[in-house]
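[1] dropping a prediction and its sequence here:
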Amino acid sequence: MKTYKKRKQTVKAIAIFFLLFITTVGGVAAWSISNSDEKNPILTEHSYEYPIKLSPPSSSQTQKYKIMIDPGHGGKDPGATGASGNYERDYTLTLAKKVFDLLRDDPMFEPRMTRTTDVFVELEDRAAMANEWQADALLAIHGNTYTDDSANGTETLHTHDDSNLLAQTVQKNVIKALGFRDRGVKEERLKVLSLSEMPAALVEVGYLTNAGEEAVMLSTDGQNAAAKGIVEGLKQYFLQYGEHPSSQEEQQLDGSHEYRDEELPNVDSSVNIDKKMYYNGSAEDGKQVALTFDDGPDTEITSEILDILKENEIKATFFIMGKQAKAHPEMVKRIVKEGHVIANHSWSHPNFNKLTIEESLKQIKDTQDQLEAISGLRPLLFRPPYGELNEERVQAVHELNMAVVNWSVDTMDWSGNTASDILKIVDKQMYPGGIVLQHSTGKRENTVEALELMIPQLRDKGYTFVTVSEMLHLQGYQDA
Ligand SMILES: [Zn+2]
C-alpha cells in the first residue's frame, strides 16, 4: 500500500547499526551545527522547527526570575578527576558561565553565580547567597564520577519535594540537548539543596570518568548544548509552573507552589484554561499519549497519516496553518470528519516573538476565521510556530480564550531523522501524559513510516491514544 515502507525495509543491518551510532554520537555534533551555522546544508531546509531556541530579548519585560547558578566544587576542592585528568571544578565553572550568559541575554531571567573564579566556597554559603538574594531557583552544575569508567548518563537531583518539577524540566532538556542516557530524576539529601529556600536542583550532566562522555562534556559544542538544555529546562519550568516574580514573597512564605496539575479543570470548560503553557498532560490520568501533527494539511502526507490513524482507530490533534487550510480545505474537512481535533498553528508560521502583539494576534485570528469558514469550528488550542511564545504573548493568546500547547516529545522528524531515529526518541522520552510533535506536510515519509511502528510500540507499553483536548480536560473548540 505504501511504497516507502517497502523501500525502507531493505536497509541492511550494518546501515542500522551505523544509524544508531550516529544518532547517539552524532546527535551532539548535529545539534551544535544547527545552532551555530544556520546555513549548514544538511539542516537548512527544516532547521526552523528546532524548539531549543531562545526568545530574542524584549525590553518590555521588567520583572525577571532570579536564578542562582552554582558551579560545583572549586579551589582546594577539585571534585571528580575526569578520564583525561581534568578536574570537575573547571568543567562546572566553564559550563556555568555559558549558562549565565544565556540567562543574562534572556529577558525572562536575571542570573548570578555562587563563584565566578576557581575558589573554594562552602556549601552553606552557596545556599545562603541564593536565600539572601531571594532567588527564584538555584541550579547546581556538576559532572559525575564512578569507579567503573563505563558508567554514563545524565541525572538531576533534588532534595525538597517542591523541587521535583524543576529537576524534571532540567533533566528532560539536558537529555534532549546531549542525548546521553537518561538516568532520571532522583531525590537525595544534599546540603546545598536542602539549605536552599527556593526550588533547587543539581544536574550531573554526565560522567567525567567516562572518556566518551567527558570528551563531549569538555568540548565547546557539548558545553553549548548542555548550557542551552539547562536554560531551556529553567524556561519551561517557569513558563509552566512559575508564579510571576512579583508574587515571589508570598510564595516563599508558605513554601507552596501552585502546580499546574492541581489547576487542571475537571470539567470541560474553556473558562478554566491554564494560564501557562501546556507541555504535557497529567500522569495521574494514566498512560495517555497525544499525537500531534503540525504545519499541514497537505494533500499527500496528511492523507497517509489519516489512513494510519483510521486503521488504528486513533484520534489525534492537527495543528493547522491558516494558509495551508485555505489551500487544502477538503483535507481540513476530512480531518474533522474522521474525529480528530483541529487546532491553530498560525497563518504562515512566523516566529511570534519577532512580531508585534497585534501582528501575532492577526496570525491567529485569520487562521481561526479560515478554519471556521471551512469547518464551522473555532479551535481552542494554539501552538506557536517553533514553540516560541514569550510571556507577554502567552497572555495575549489567553485573552483570546485559547490554550497554548507545546509538546514533551519532539520526534525531530523535520531534521532528517529516520523512522528508527524517531522511534528511539519516542521510546526514550515518552512518559504518561506525553504530547508527541510530528509534522504532516512536506516529504515526511519518515514520519509516516515511524507512525505505523510507533502505535504498536506504545500500545505494547500500555499507552492509550487521546487528543490533546481530552488529555488536558479542555473542550476542543470555542463556543460558537
Ligand atoms: Zn510548525
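    Thanks, I have it.

[2] from here on, just use CA atoms for contacts and neighbour counts.
    Will do.

[3] tell me which parts of the stretch 301-450 of the chain are close to the ion?
    residue 385 (CA under 5 Å from the ion).

[4] helices of the stretch 301-450 of the chain, start to end?
    301-311, 322-327, 329-337, 357-375, 391-399, 419-429, 445-460 (DSSP state H, counting those that start in this stretch).

[5] likewise for the stretch 1-150 of the chain?
    So, for the stretch 1-150 of the chain - with DSSP H, counting those that start in this stretch - the helices run 3-8, 13-36, 88-104, 123-133.

[6] and residue 202, that one's in a strand?
    Yes. Counting by DSSP: H, G, I helix; E, B strand; the rest coil, residue 202 is located in a strand.

[7] which residue, neighbours along the chain excluded, lies closest to it?
    Spatial nearest neighbour of residue 202, excluding adjacent residues (CA to CA, 6 or more residues apart in numbering): residue 140 at 4.4 Å.

[8] next, count neighbours for the one you found.
    As a burial measure, residue 140 scores 24 neighbours (other CA atoms under 10 Å).

[9] touching, it and residue 69? I think so.
    Yes. Applying CA atoms under 8 Å, one finds residue 140 in contact with residue 69, separated by 5.9 Å.

[10] got the domain ranges for this structure?
    The chain resolves into domains spanning 51-254, 266-471 when parsed by automatic domain parsing.

[11] could those go into CSV alongside distance to residue 477 and mean pLDDT?
    Below are those laid out as CSV (distance: least, CA to CA, whole Å; pLDDT from 0 to 100):
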stretch, distance to residue 477, mean pLDDT
domain 51-254, 22, 83
domain 266-471, 4, 93
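
[12] show me the one of those domains that comes nearest residue 478.
    When the domains of the chain are compared by CA to CA, domain 266-471 sits nearest residue 478, at 5.3 Å.

[13] hmm, back to that, ok, the residue nearest to residue 202 to the ion distance?
    33 Å (CA to the ion, to the nearest Å).

[14] residue 180 now?
    26 Å.

[15] quick check on the residue nearest to that residue when sequence neighbours are not counted: phi, psi?
    Nearest non-adjacent residue to residue 180, counting by CA to CA, 6+ apart: residue 153, 5.0 Å away. Main-chain dihedrals, residue 153, degrees, to the nearest 10: phi 110, psi 170.

[16] and for residue 399, the neighbour number?
    Residue 399: 11 surrounding residues under other CA under 10 Å.

[17] that one and residue 316: what is the separation?
    With the distance defined as CA to CA, to the nearest Å, residue 399 ends up 26 Å from residue 316.

[18] so what's the residue most central in space within the chain up against?
    In the chain, the residue lying closest to the centroid (CA atoms, centre = their mean) is residue 408, at 5.3 Å. The contact partners of residue 408, by CA atoms under 8 Å, 6 or more residues apart in numbering, come to 279, 280, 429, 430, 434, 435, 436, 437.

[19] in PyMOL, select just the buried ones from these.
    Here is the PyMOL selection string for the buried members of the contacts of residue 408, based on 16 or more other CA atoms under 10 Å:
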select buried, resi 279+280+429+430+434+435+436+437
